[in-house]
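A.B. asks: Sequence and predicted structure below; questions after.
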Amino acid sequence: MTKTHVPDDLPLTPPQIHLPPDTVEALEPLRALSDDDIARLVAVLDREPPIVVRRHLLETAQRELPDALGIPELLDALIDIETTRFGNRWSHAEAAFGVAESWAAETHSEAIRDAFEQRLLRLLTTQSLPVAAKAIDIFLSHERLYDSGRIVTDIRPVFSDDPTEPPGAAVLVHVLQLAFTESGERRLFFVALDDADLAQLDEIVHRAKDKSLTLRRTLQDAGLLAAGWEEPEMESKDG
């Protein structure tokens with residue numbers, strides 16, 4: 001989405017925004033939720049101090065709206081909209097109007113579109129959403145992003161010069177498989193490791209986790225919030 005320059009002497013033209021079908025679907029709860037549910041969602045996003053970690057936002061919203069459907073998808077869509085908004089330097093009102101226009105298109109009445117716009121504007125102007133969106137945008141602004149990893153362990157036989165004889169030894173090989181995103185595409189990287197390499201990796205990871213805990217305490221002592229993605233840790237996959 002891009003913003004078209006408007007001369008200073010002309011009225012401001014709202015941005016023309018195209019929403020992909022999955023985003024249109026994700027925003028459906030803005031129309032379907034009751035006024036009470038919208039108020040509860042606003043209260044979650046307007047807490048003091050703000051909730052600035054995506055996972056915490058999802059967990060808190062789902063706890064406050066246990067019977068509402070599509071809350072995780074709605075929050076992710078709102079984060080994407082907020083990221084696009086400040087990236088294009090749109091006002092919250094401009095973004096809400098443009099998104100509502102695209103969402104409604106020719107399938108909803110003007111009254112439904114207006115109600116959708118007002119709900120969206122209220123959510124976009126909460127305390128938590130802008131900070132969480134900017135933090136996630138910073139986190140994702142890297143050339144390559146880690147997706148997942150696994151280690152497959154093989155036993156590879158060592159034969160003598162005569163391949164008809166049983167192997168005289170075997171080698172243990174650990175193959176580290178890293179899945180990552182680069183330029184919007186998922187890619188794979190493989191590297192062979194031995195037991196000494198595993199020990200070194202384990203030491204490096206533990207050191208990084210210790211540094212993270214230390215820095216989080218430092219941020220807390222300084223009165224700063226540690227914002228970002230912070231997905232739950234995945235179980236290891238060994239094969």
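C.D. replies: Okay, I see it.
A.B. asks: Scan the protein for its longest helix.
C.D. replies: Identified as the longest helix of the chain according to DSSP state H is helix 195-221.
A.B. asks: Tell me which other helices or strands that one touches.
C.D. replies: If you count contacts as 3 or more C-beta pairs under 8 Å, 6 or more residues apart in numbering; DSSP states H and E, helix 195-221 packs onto strand 169-182. Any C-beta I mention is one placed from the backbone N, CA and C, and that applies to glycine too.
A.B. asks: Counting by contacts, list what the very next helix or strand once past the strand it packs on packs against.
C.D. replies: The helix or strand immediately downstream of strand 169-182 is strand 185-193, counting by DSSP states H and E. Judged by 3+ C-beta pairs under 8 Å, 6+ apart, strand 185-193 is in contact with strand 169-182.
A.B. asks: how's the protein carved up into domains?
C.D. replies: The chain breaks down into these structural domains: 21-140, 148-221 (assignment by automatic domain parsing).
A.B. asks: Quick one: distance of the last one to the chain centre.
C.D. replies: Looking back up the chat, that one is domain 148-221. 25 Å (C-alpha atoms, centre = their mean, to the nearest Å).
A.B. asks: cool, and the first one?
C.D. replies: Averaged C-alpha coordinates place domain 21-140 at 14 Å from its chain's average position (C-alpha atoms, centre = their mean).
A.B. asks: Okay, now that domain: how far is its last residue from its first?
C.D. replies: 23 Å (C-alpha to C-alpha, to the nearest Å).
A.B. asks: Residue 224 versus residue 141, what's the distance?
C.D. replies: 20 Å (C-beta to C-beta, to the nearest Å).
A.B. asks: cool, residue 200 as well?
C.D. replies: For residue 200, the distance to residue 224 - C-beta to C-beta - is 33 Å.
A.B. asks: do the same with residue 138
C.D. replies: Using C-beta to C-beta, residue 138 is found at 14 Å from residue 224.
A.B. asks: shouldn't residue 50 be in contact with residue 134?
C.D. replies: No. With contacts counted by C-beta atoms under 8 Å, residue 50 stays clear of residue 134, the gap being 11.6 Å.
A.B. asks: All the helices of this structure, residue numbers only.
C.D. replies: Here the chain has its helices, by DSSP H, at 21-26, 29-32, 35-45, 54-64, 71-88, 92-104, 110-124, 128-140, 195-221.
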